[in-house]
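Asks: Please work out how this folds:
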Amino acid sequence: QVQLVEFGGGLVQAGGSLRLSCAASGRTFRSYAMGWFRRAPGKEREFVAAIDWSGGITYYADSVKGRFTISRDNAKNTVYLQMNSLKPEDTAVYYCAADRDGLSNRAYEYDYWGQGTQVTVSS
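Replies: As a prediction, the model looks like this:
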């Protein structure tokens, strides 16, 4: 069992930056690939970024590539999402998730989810 709690959401102006954190409980955190997803108002949940268990392999949605960076610290049981050059279309609730079977951009393959944190980007 893995419990996930996201931190770091808030209101930021377009062009600004935010860093999201996701703290995980449990000693098996390092065995999970981790992902970030988001859901904007009136839209489906979409993949943002993922990272393998070691932190050596990352994967991004085209919409955030070059602006967002996913990373993890297994000693702290935490995964991060650094978001730069934010745009109003990045406004959404951001969720972190854990996948025991490896790196994926498919939400249904993830086993555990956090409660989400709101990110609002003003124009």
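Asks: Let me see the ranges of the strands in the protein.
Replies: Assignment of strands within the chain using DSSP state E yields the ranges 4-7, 10-13, 18-24, 33-39, 46-51, 58-60, 68-73, 78-83, 92-99, 112-113, 117-122.
Asks: The longest one: partners in the sheet, and parallel or antiparallel?
Replies: By that I understand strand 92-99. Sheet pairing for strand 92-99, assigned by DSSP bridges, gives strand 33-39 (antiparallel), strand 112-113 (antiparallel), strand 117-122 (antiparallel).
Asks: okay, the longest one in CSV with CA atoms only?
Replies: What follows is the C-alpha trace of strand 33-39 in CSV, where atoms were taken according to Å, rounded to 0.1, in the frame of the first residue of the first chain:
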residue,chain,number,x,y,z
ALA,A,33,7.5,4.3,-11.3
MET,A,34,5.8,7.6,-10.6
GLY,A,35,3.7,9.9,-12.8
TRP,A,36,2.0,13.2,-12.8
PHE,A,37,-1.4,13.7,-14.4
ARG,A,38,-3.8,16.7,-14.5
ARG,A,39,-7.4,17.4,-15.0
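Asks: Run the chain-centre distance for it.
Replies: The gap between where strand 33-39 is centred and where its chain is centred comes out at 4 Å by C-alpha atoms, centre = their mean, to the nearest Å.
Asks: Next, the angle from that strand to strand 68-73.
Replies: Orientation of strand 33-39 against strand 68-73 (axes from the mean of the first three to the mean of the last three C-alpha atoms, to 10 degrees) gives an angle of 140 degrees.
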